[in-house]
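Engineer: Here is my input, please return the structure:
(one chain, ligands or ions: 1)
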Amino acid sequence: MDWGMKNRLASIFNQKSGRTVMLAVDHGYFQGPTTGLKKPRETIGPLLPFCDSLFVTRGILRNCINPTTSTPIFLRVSGGPSVLGELSNEDITTSMKEALRLNAVGVGISIFVGEKNEERTIGNLGRLVNEAEEYGMPVLAITAVGKEMARDARYLGLASRMAAEIGAHIVKTYYCAEDFNKVVEGCPVPIVIAGGKKIPEKEALEMSYNAVSKGAAGVDMGRNIFQSENPAAMIRAVRAVVHENYTPDEAFELFNRLKDKKVVSQVVE
Ligand code: R5P
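Structural biologist: Numbers count the residues shown, from 1 in each chain. Okay, the predicted model is just below:
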C-alpha cells in the first residue's frame, strides 16, 4: 500500500483501538433538510471534536464547516435521485480532483445490490476505486438497502463482499442481530455500521457494542447521534463503546451523566 493511502487510513482509524467513529451527516443529498440537520452548521460544529472523521457532501462542507477544523473529512461522492425517485439511480457526482482540493481523507459511494441499478452502481464503485488508487485515496462503499431487501446476514454479507471484491477499502453496512459475525468474516476489509433510523439511545449503544464485539471496525453513524436529545453526550457515549469497550450499560450511564450536565463541546467550529 502506498504511503498516502496508509496515511489517510491511519487518520481515520484510532491508533490505539484500531477502530473509528465516523459522523454521518450526508443525509440531505437525497432527503433534503432532514430532522436534526435543518441547520447543519449548528448541529455539526459542536460534534466535530468527537468524531474521527466527518462523512459529508462537498456542499455542506463548503458552506457549513469551518475550514480550520482538524477533523478528517470523508466525502460522499455519489448521488442523483431524491427520496421521491428511484434511489438506486446514482452516479458519481464529485470528481477525485475535487476530493483532493477539499483535502479529503476518503471518498464514499453507495452501491445498490439487488436493486434496479445494481450493475451501474457496482460499475460506479469500480471506476471510483480505479481513480482513487491513483491518488492513494481510500474508498468507502455503502451497501444501501432497498425497501424490498431483508437486512439479514445473507444479504448484507453478499453486498459487503461484493463491495470488497470490486476494491472498496472500507465497507459501510447495517448491523443484523443474527450472524453479523459472518458478514464481517466474509468481508476482507474493515466494516463500519450505519445506525439506521433513530432508536432509543440505550438500544443504539447496544447495537454499537454488539457490532464491534462481532468484529466491526466502528460506526459511521448519523441519526442516532444528531437526532438524540443530546447529540454531544450521545457521540461521546458511542466513542466510549467503540474505543474504550464500554458495555451498553456503562455507556448509557455516561450518556445520562453528560446529558444531565447539559454537556456540549466548548469548541464550536
Ligand atoms: C445515507 O443517507 C447515508 O449513507 C448515511 O450516511 C448512513 O445511512 C448513515 O447514517 P444513519 O446512521 O443515519 O443511518
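Engineer: Show me which residues of the chain sit near the ligand.
Structural biologist: 24, 26-27, 55, 142, 194-196, 220-224 (C-beta under 6 Å from any ligand atom). Bear in mind the C-beta positions are built from the backbone N, C-alpha and C, glycine included.
Engineer: So what touches the helix or strand containing residue 55?
Structural biologist: Assigned by DSSP states H and E, residue 55 belongs to strand 53-56. Outside strand 53-56, the residues that touch it by C-beta atoms under 8 Å, 6 or more residues apart in numbering are 11-12, 20, 22-26, 44, 48, 61, 65, 71-76, 105-106, 108, 140, 220, 222.
Engineer: ok, now stretch 174-183?
Structural biologist: By C-beta under 8 Å, 6+ apart, stretch 174-183 touches 143, 145, 151-153, 156-157, 160, 173, 191, 193-194, 196, 207, 210-211, 214-216.
Engineer: hey, where'd the helices end up in this protein?
Structural biologist: Using DSSP state H, the helices of the chain run over 3-12, 28-31, 40-44, 58-64, 96-101, 118-135, 153-166, 180-185, 201-213, 223-226, 231-244, 248-260.
Engineer: Residue of the stretch 51-200 of the chain closest to the ligand, please.
Structural biologist: residue 195 (3.0 Å; C-beta to the nearest ligand atom).
Engineer: so residue 86 touches residue 116, yeah?
Structural biologist: Yes. Residue 86 lies in contact with residue 116 (C-beta atoms under 8 Å); the separation is 5.9 Å.
Engineer: What ranges in this structure fall below the confidence cut-off?
Structural biologist: Along the chain, the model assigns pLDDT under 70 to residues 262-269.
Engineer: how many neighbours does residue 249 have?
Structural biologist: 12 (other C-beta atoms under 10 Å).
Engineer: Apologies, that question was intended for residue 56.
Structural biologist: Using other C-beta under 10 Å: residue 56 sits among 27 other residues.
Engineer: one step back: so among the contacts of stretch 174-183, which ones count as buried?
Structural biologist: 143, 145, 153, 156-157, 160, 173, 191, 193-194, 196, 207, 210-211, 214, 216 (16 or more other C-beta atoms under 10 Å).
Engineer: Would you mind finding the most buried of the helices of the chain?
Structural biologist: Highest mean neighbour count of the helices of the chain: helix 223-226, a mean of 25 (counted as mean count of other C-beta atoms under 10 Å).
Engineer: need the contact list for the nearest residue to residue 228 once chain neighbours are set aside.
Structural biologist: Nearest-residue entry for residue 228: residue 234, 3.8 Å, with adjacent residues in sequence omitted and distances by C-beta to C-beta, 6 or more residues apart in numbering. Residues near residue 234 by C-beta under 8 Å, 6+ apart: 201, 204, 224-225, 228, 255.
Engineer: List just the nearest of the residues you listed to the ligand.
Structural biologist: After measuring the contacts of residue 234 against the ligand - C-beta to the nearest ligand atom - the closest member comes out as residue 224, at 5.9 Å.
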